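Chemist: Whatever this is, show me its structure:
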Amino acid sequence: MQTIIFLGSNKSGSSRDAIRAASEMGYFTVLLTDRRKWMKQREEFPDVHQLVVMNRLSDREEIHVQLSKINNQGKQVKAFVSFIDPYVSLAAEISRELGLQEVSVAALFNMEDKTRFRDVLKNNPVTPHFSVCHLNQDENELFDQHIKKLPVIVKSPVSNGSKDVMRVNSREEFSMAACYFKNQLGPSQLLIEEFVTGPQYLIEVLVHQSKTTIVAIIEQEISSMHRFIITGYHMPAALNEYARGRLTESIEQIMEDIGLTHGTCHLEMRWTEGEWKLIEINPRISGSVINQMILESTGISLVKETLKLYLGEEPDLTPLKNEYVSAEFITVETQGRLVKVTGKNKAKRMDGVKRVYVKPRKGSVLNPPLSMGDRYAYVLASSSDPLEAKEIAKKAAEQIKFYIEPL
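Modeler: Purely as a prediction, here's the structure:
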């Protein structure tokens, strides 16, 4: 029985889309997870043919114990993959140990830590000014040593989804941020970066045998310039020929410098003063709605083509259509316990709406957005006109209301 094993997954989004894609491709799917409550929700995972609960997904010894059990069941493992942080490079290493398709393990490993990829790309012109400091120093000493110009961005080296990423505008704000990170991270490292202005874009990239393909360029709408919560995505992004050409050059140089010759990644970049600056890079497709968005816009299932790359097959990245697609996310303004959600069906019935997703269940505690995980619903809409796609998504999102009671 030909099998694909997934190391971790979210309940929805691109990582779950990948499991569904594997099942549709005819593979037996095994999910290794540390979320024990999913066993009680087993009926919600029909695409997961075998669900294995582990204590720690990073435990290599436990992984190999489970692999031995799976082999003894007569299953033929064809790929061992992960689509979530921080297990992408670990899954790639296990894949190599199993004699499966090799991907660029070192490049994936460097992308999983922001200080590592900044150091690797420090001489690349896309890299903004940055500094790495240690949180065992006094806040005022850190400020004097590492900050020459405000504002700056401070972040945890292993943050994702805009979690633990802050804009700092003054010495006082830096002191508060440093105290926060000391409490959160302990005596570890902190990354300080130049604040870069300009519109921001998400770029999805697949590299197959050293050939780099930009699969999608998606414009991002950022609702908060302090925590950088992205509440809108629009594809394809409207870029002029010069900016697009410079982007292609920049991406190819980044892939060469970081050593990604076989694998996937997504980047967040800003177009500022006629040049591209790299904000983030991660060794996987972006999560949440992004795979669905690319599918609606181009007909390409990026998670499926990524699986083919990991299976040793040649991905097919030929667009089958060209639709304008927008996604609008919904957050709440106050903390409270969810009583009910209304408007979902009304939003679904609107012309052009492709998908409506509401994440929290009744009784969940909702919070104002401090990270991308605090986005509680989205609407995906498409049209042959870019402005109409945006308008449909925004109007449909306005139909969805969260009723919460204060804690």
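
Chemist: Backbone dihedrals for the spatially closest residue to G263 that is not a sequence neighbour, please?
Modeler: Nearest residue to G263, sequence neighbours excluded (CB to CB, 6 or more residues apart in numbering): V103, at 4.2 Å. C-betas here are computed from N, CA, C, even on glycine. Note on V103: its backbone torsions stand at phi -120, psi 180 [degrees, to the nearest 10].

Chemist: Any figure for the gap between V103 and D17?
Modeler: 19 Å (CB to CB, to the nearest Å).

Chemist: what does S384 give?
Modeler: Counting by CB to CB, the gap from S384 to D17 is 25 Å.

Chemist: of those two, who's got more company?
Modeler: For S384 versus D17, the count of surrounding residues by other CB atoms under 10 Å is larger for D17: 25 against 10.

Chemist: just checking, that one touches N291?
Modeler: Yes - D17 sits in contact with N291 when judged by CB atoms under 8 Å, with a separation of 4.5 Å.

Chemist: What helices and strands are in contact with the strand or helix carrying S326?
Modeler: Using DSSP states H and E, the element containing S326 is strand 324-330. In terms of contact count using 3 or more CB pairs under 8 Å, 6 or more residues apart in numbering; DSSP states H and E, strand 324-330 is assigned the packing partners strand 230-235, helix 290-298, strand 377-383, helix 386-399.

Chemist: Can you mark which positions in it are buried?
Modeler: Residues 324-330 are the ones in strand 324-330 that count as buried (16 or more other CB atoms under 10 Å).

Chemist: Then stretch 333-351?
Modeler: 336, 338, 341, 343-344, 347.

Chemist: likewise stretch 253-270?
Modeler: 254-255, 257-258, 260-270.

Chemist: got it, and stretch 120-138?
Modeler: Across stretch 120-138, burial judged by 16+ other CB under 10 Å covers 120-121, 126-128, 130-131, 133, 135, 137.

Chemist: V152 touches V196, doesn't it?
Modeler: No - contact criterion CB under 8 Å: V152 and V196 do not qualify, at 10.5 Å.

Chemist: Residues that sit against both of these two, list them.
Modeler: Taking CB atoms under 8 Å, 6 or more residues apart in numbering as the criterion, V152 and V196 do not both touch any residue.

Chemist: quick one, which of these two is more surrounded?
Modeler: Taking other CB under 10 Å, V152 and V196 do not tie; V152 has more neighbours (24 against 18).

Chemist: Tell me the bridge partners for that one.
Modeler: Here V152 sits in beta bridges with V168, E194, as judged by DSSP bridges.

Chemist: contacting residues for it?
Modeler: 167-168, 174, 192-195.

Chemist: Return the closest of those with respect to L366.
Modeler: Nearest to L366 among those is R167, at 23.6 Å by CB to CB.

Chemist: Look up how far T334 lies from that closest one.
Modeler: Per CB to CB, R167 is found 22 Å from T334.

Chemist: Help me confirm that R171 comes into contact with D144.
Modeler: No - counting by CB under 8 Å, R171 stays clear of D144, with 9.2 Å between them.

Chemist: These two - which one has more neighbours?
Modeler: Just comparing R171 and D144: by other CB under 10 Å the higher neighbour count belongs to R171, 14 against 11.

Chemist: Relative to N136, how far out is the more buried one?
Modeler: 19 Å.

Chemist: Same check on N322?
Modeler: 53 Å.

Chemist: Could I get the full set of helices for the stretch 1-150 of the chain?
Modeler: Using DSSP state H, counting those that start in this stretch, the helices of the stretch 1-150 of the chain run over residues 14-24, 60-72, 88-97, 105-111, 114-120, 139-146.

Chemist: Minimum distance to L295: which of those helices has it?
Modeler: It's helix 14-24; of these, that one is closest to L295 (CB to CB) at 8.5 Å.

Chemist: And stretch 398-406, end to end?
Modeler: Stretch 398-406 has an end-to-end distance of 22 Å (criterion: CA to CA, to the nearest Å).

Chemist: What distance do you get for V158 to T115?
Modeler: Per CB to CB, V158 is found 9 Å from T115.

Chemist: show me what contacts the residue nearest to the spatial centre of the chain?
Modeler: Most central in the chain under CA atoms, centre = their mean is S286, positioned 3.2 Å from the mean C-alpha point. By CB under 8 Å, 6+ apart, the residues touching S286 are 14, 202, 204, 266.

Chemist: could you redo the last one with a cut-off of 6 Å?
Modeler: Residues in contact with S286, defined by CB atoms under 6 Å, 6 or more residues apart in numbering, are 202, 266.

Chemist: go on, A237?
Modeler: Each residue near A237 by CB under 6 Å, 6+ apart is listed here: 201, 217-219.

Chemist: Now the two most distant members of those residues.
Modeler: Across the contacts of A237 (CB to CB), the longest gap, 7.8 Å, separates I217 and E219.

Chemist: residues shared between the contacts of those two?
Modeler: Common contact partners of I217 and E219 (CB under 6 Å, 6+ apart): 201, 237.

Chemist: Go ahead and confirm V332 touches V365.
Modeler: No - under the criterion of CB atoms under 6 Å, V332 makes no contact with V365, lying 10.5 Å away.

Chemist: More neighbours: which of these two?
Modeler: Neighbour tally, V332 and V365, criterion other CB under 10 Å: the higher count belongs to V332, 18 against 11.

Chemist: For the buried residues of stretch 120-138, work out which two are farthest apart.
Modeler: Of all pairs in the buried residues of stretch 120-138, the most separated under CB to CB is V126 and Q137 at 29.0 Å.

Chemist: ok, back up a step: which one, of the helices of the stretch 1-150 of the chain, ends up nearest to E296?
Modeler: Of all those, helix 14-24 sits nearest to E296, with 12.3 Å by CB to CB.

Chemist: Domain-wise, how is the chain divided?
Modeler: Structurally, the chain divides into domains by automatic domain parsing as follows: 2-100, 129-194, 200-405.

Chemist: The closest residue to R96 other than its chain neighbours and A243, how far apart?
Modeler: Nearest residue to R96, sequence neighbours excluded (CB to CB, 6+ apart): E102, at 5.3 Å. Noted for E102: a distance of 34 Å to A243, by CB to CB.

Chemist: More neighbours: which of these two?
Modeler: A243 (18 against 14).
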